[in-house]
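Student: Provide a 3D model corresponding to the input given below.
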Amino acid sequence: MSDPRDAPGQNVGAGSGPGQPSPPGGQGSGNARGSGGAPGSGRSPGSGNAQGPGNGPPGDHNPPADQARGNPRGASRADPRRRTGPEGRTGSEGKAETRRGAAPDRDAAAALARPSAVLDDAHLGDIEGALGRIRVGEQLGTGWRRRLITFLAIIGPGLIVMVGDNDAGGVSTYAEAGQNYGYSLLWVLLLLIPVLIVNQEMVVRLGAVTGVGHARLINERFGRFWGWFSVGDLFLLNFLTIVTEFIGVSLALRYFGVSPYISVPVAALLLILITASGSFRRWERAMFLFIAVSLLLVPLAFLSGPHYGPIFYHLVVPGIQGGISSTAVLLVIAIVGTTVAPWQLFFQQSNVIDKRITPRFIGYERADTSLGSLVVVGGGAAIMVVAVYAVRGTKLVGQFSDALGVANALGDKDHVLGALFSIVLLDASILGAAAVTLATSYAFGDVFNLKHSLHRSFREAKTFYATYAAMIVAAAGIVLIPSAPLGLLTTAVQALAGVLLPSASVFLLLLCNDPEVLGPWMNERWLNILATVIISLLLDLSGTLVITTLFTSLNAGLVALWLLAGMIVVAAGMFGWLRLTRSRRPSPVPHPRRTMSAAERLNWRMPPLALLKPAQWSTGRKVAMLALRSYLVISVLLLIVKAVQLGTSH
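Tutor: As a prediction, this is how the structure comes out:
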C-alpha cells in the first residue's frame, strides 16, 4: 500500500496515523501495491501487485463498496503488524528494491501496512502525465531542474479545470459583458482569482489525501439526502452546461458555413473517441492540445485595438457602465458562475485522484492550480477586450445576441479576426464539454461504486464510458432541436451556476474541516475565515438577484449593500454569542497539524470510509443547511422567471 514516489518517512496506508514509519518513499495513499499480503488481499490477474483493501477484480462494478460497508475482506482485516518493503514487498524483495535505489532509509523501510481508502485500484501506480512520468520507486531530486521536471509531470488537473472553465458559456458571457458594458466589469475577474485558488486548493487536498471523489465524500459524511441533493444539482447543472458547449460548437462552425447537423455530431464523436481511449496520458495530451489552441486569444486581443488606460482602470476600480440594475447583477452572477463553477470542484478532485497525485505532490498541484487561475482570468479579460473592439463605433453596442454575433461583428472589420474568434469558441466548447462531462461521469462512478478511471479500457469500465457517451449524445441532440432558445439558455445556465455555487462551497468547507477526512490537512482558521467571506459574497449576489426579481422597482445596488450589512450584523452577533458562551464549551482541540512533525503529517491518510466516525451535526447546523437549501430552491425558481423575462423582452 505504499508508493515509493513519496518521501521517506511516509506511511503506507490510508489510515496511518502520526509517527507510522513507511517504506522508502512511502506514498501512503492506499496503494494496492503495498498491502504486503495482509489477510484478505489477493493478486490482481496478471498484475503481480498485491490487491489491497478496496480493490476489486477487473470489471465494471466496484467491489470496494463492499469493503466500505465493512466487508471482512477489506479494511477491517488488514494486519497492521505485517512489515513491508517498497511497494508492499517483504523480505528479500524489499531489500532488492532498496538496493535498486528506492530511498535507503532503514527506519522508513520498517513500515506497517494499513487499509486503503482508495476505491478503484486503477488510481494507484505511476503518475502518467502529458509532459512526463513519475514511476513507482523513482528517486526524486531536489535541484531546480528536477523540480521543473516533476512539475511538468504533475501539471494538468489544475490547468485543465481552469481553462476548461473558459468554455462556450464562458466565452459567451464574457463577450456579453464586453459588448453591453465595455471594460467596466473587468474588476469582477480580478476579484475572482482568490476565489478560484481558495476553492480549488481545498479540493486538491481532498483528492490527494483521501483518494475518494467529492460526490462520494458528501454522500458518506452528510448522508444520502444531502448527497443526492448535491449530486442531483450537479447532474442537472452539468447536463445543461454540456448543452451550452454544443451550442458553442454549432455557433463557431456556422461562421464558416458548416451546418449544425454536421458540426455537432462530429464534435460529439470526437469527444467520445478522445475520452474512451483507455489512456489517461492520451486524454491529457489531447486536453493540452486544446489548451494550446486557446492561446490564440493572446494575439487576437492585441489585434483588437485595446485601450490600455481604461482597461487598467476598470481592473482595479469597481463600477458598471450605465449603473447598477438587476440585469447587470444577473450578468455579474453569470460571470461568477462561469468562472467559479460547481463542476470544477468535482472534476479536479477526481482528476487529481485519477492522475495518482499524492500528498507529496500537493505543492506542485497548488502551483498548477494557481497558474490555471491566472490563465482563466486572463482569457476572460481578453474576450471582453475583443468584444468591445468588435462593436466599437457600431449600433451593436449593448445589443448582445450570442457569440456568433460577436464573431460576425469582428468579421466585418477583419475576416481573419472573426475566424480566429470562431476557432477560439470551437476550441473552448470542445474542451469545456470534455471536462464537464468527465466531471459528471466521475461523480456517477463515485455514487454508484463503479470503476471510473481513464486508465481503464472501455471493456473494464463500460458503465463509466457509457454514461459519458450518453450525456454527450443527449446534449448534442437537444442543440439540434429547431427554434430552441440557445442564447438565452447559455446565459441562464451560467447564472444558475452562480446561484448554486454557495451550496457547493459550504459542503467543501465542511469537508475540509472534518478531522476524520483530512486530519492534519484540515483548514487553518485563516482559511476558514477567508472561505466564509467568499461564500457570504456569493450569497449576497444571488440574494440580490432574488429580491430584485420579486420587486423590480428596487435599486439592485442598494439591495446588495443592505444584504451585505445584514450578513455583517448576523456574523457579529454569532461572534458575540460564541465569545459569551465559550466558558460553557469544552476547550478547543488543537489543530492536528500542530501535534505532528512534517514527516508525520505526510504519513497521514484518510482511513477507509467504513472506519470513519460518523459526522456529528448540531441542531444549529441542520437548521442552517435546511435554510440554505430552501433559499437556493427559491433562487433557482426566480432565476428561471428572470431568464424568461429577458427572453421575452428581446
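
Student: For the stretch 301-450 of the chain, just list every one of the helices.
Tutor: For the stretch 301-450 of the chain, the helices defined by DSSP state H, counting those that start in this stretch occupy 308-316, 326-339, 342-354, 362-391, 403-413, 415-447.

Student: Show me what counts as buried in the third one.
Tutor: In terms of neighbour count (16 or more other C-beta atoms under 10 Å), helix 342-354 has its buried residues at 342-354. Backbone N, C-alpha and C define where each C-beta goes, glycine included.

Student: So what's the residue count around the closest residue to residue 519 other than its chain neighbours?
Tutor: Distance criterion C-beta to C-beta, 6 or more residues apart in numbering; nearest residue to residue 519, sequence neighbours excluded, is residue 604 at 4.7 Å. Residues near residue 604, counting by other C-beta atoms under 10 Å, number 25.

Student: Just confirm residue 604 contacts residue 520, I think it does.
Tutor: Yes - in terms of C-beta atoms under 8 Å, residue 604 counts as a neighbour of residue 520; the distance is 5.3 Å.

Student: Any regions of the stretch 1-150 of the chain where pLDDT drops low?
Tutor: Within the stretch 1-150 of the chain, the ranges that satisfy pLDDT under 70 run 1-116, 137, 139.

Student: any residues touching stretch 213-229, and which ones?
Tutor: Applying C-beta atoms under 8 Å, 6 or more residues apart in numbering, the contact partners of stretch 213-229 are 68, 119, 203, 206-207, 210, 212, 230-231, 234, 345-346, 349-350, 353, 442-443, 445-447, 452, 507-508, 510-511, 514, 516-517, 609, 612, 615, 617, 625, 629.

Student: From those, list the buried ones, please.
Tutor: Neighbour counting by 16+ other C-beta under 10 Å classes 68, 119, 203, 206-207, 210, 212, 230-231, 234, 345-346, 349-350, 353, 442-443, 445-447, 452, 507-508, 510-511, 514, 516-517, 609, 612, 625, 629 among the contacts of stretch 213-229 as buried.

Student: Might you list the low-confidence residue ranges for this protein?
Tutor: 1-116, 137, 139, 484-488, 490-492, 494-495, 498, 549-550, 585, 646-650.

Student: quick one, strands of it?
Tutor: For the chain, the strands defined by DSSP state E cover 42-43, 50-51, 83-84, 111-112, 127-129, 132-134.

Student: Tell me who's in contact with residue 405.
Tutor: residue 396.

Student: Kindly provide the distance from it to residue 503.
Tutor: With distances taken as C-beta to C-beta, to the nearest Å, residue 405 is found 33 Å from residue 503.

Student: Next: residue 570.
Tutor: For residue 570, the distance to residue 503 - C-beta to C-beta - is 18 Å.

Student: Check residue 378 too.
Tutor: In terms of C-beta to C-beta, residue 378 sits 28 Å off from residue 503.

Student: Who has more neighbours out of the two?
Tutor: For the pair residue 378 and residue 503, the greater number of neighbours falls to residue 503 (24 against 15), based on other C-beta under 10 Å.

Student: give the contact list for that one.
Tutor: By C-beta under 8 Å, 6+ apart, the neighbours of residue 503 are 230, 233, 628-629, 632.

Student: is it possible to export these to TSV including distance to residue 322?
Tutor: TSV is the format used below for those (distance: C-beta to C-beta, whole Å):
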residue	distance to residue 322
230	37
233	33
628	33
629	35
632	29
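
Student: Dihedrals phi and psi, the residue nearest to residue 519?
Tutor: phi -70, psi 130 (degrees, to the nearest 10).

Student: do you know how far it is from residue 214?
Tutor: Using C-beta to C-beta, we find residue 604 at a distance of 20 Å from residue 214.

Student: do residue 233 as well
Tutor: Counting by C-beta to C-beta, the gap from residue 233 to residue 214 is 12 Å.

Student: ok, for residue 162, nearest residue in space, not its chain neighbours?
Tutor: With sequence-adjacent residues excluded and distances taken as C-beta to C-beta, 6+ apart, residue 162 is closest to residue 372, at 3.0 Å.

Student: what's the neighbour count on the closest residue to residue 260 other than its chain neighbours?
Tutor: Closest residue in space to residue 260, ignoring its immediate chain neighbours: residue 250 at 4.1 Å, by C-beta to C-beta, 6+ apart. By the criterion of other C-beta under 10 Å, residue 250 has 25 neighbours.

Student: Give me the nearest residue to residue 447, chain neighbours excluded.
Tutor: Spatial nearest neighbour of residue 447, chain neighbours left out: residue 215 (5.3 Å); criterion: C-beta to C-beta, 6+ apart.

Student: Residue ranges of each domain in the chain, please.
Tutor: Domain assignment for the chain, taken from automatic domain parsing, gives 32-152, 156-591+605-649.

Student: so which of those domains gets nearest residue 599?
Tutor: Evaluated over those, closeness to residue 599 peaks at domain 32-152, with 9.1 Å, by C-beta to C-beta.

Student: Could you tell me which helix of the protein is the longest one?
Tutor: Scanning the chain for the helix with the most residues, using DSSP state H, yields helix 214-254.

Student: That helix versus helix 415-447: what angle between them?
Tutor: Counting by axes from the mean of the first three to the mean of the last three C-alpha atoms, to 10 degrees, helix 214-254 lies at 160 degrees to helix 415-447.
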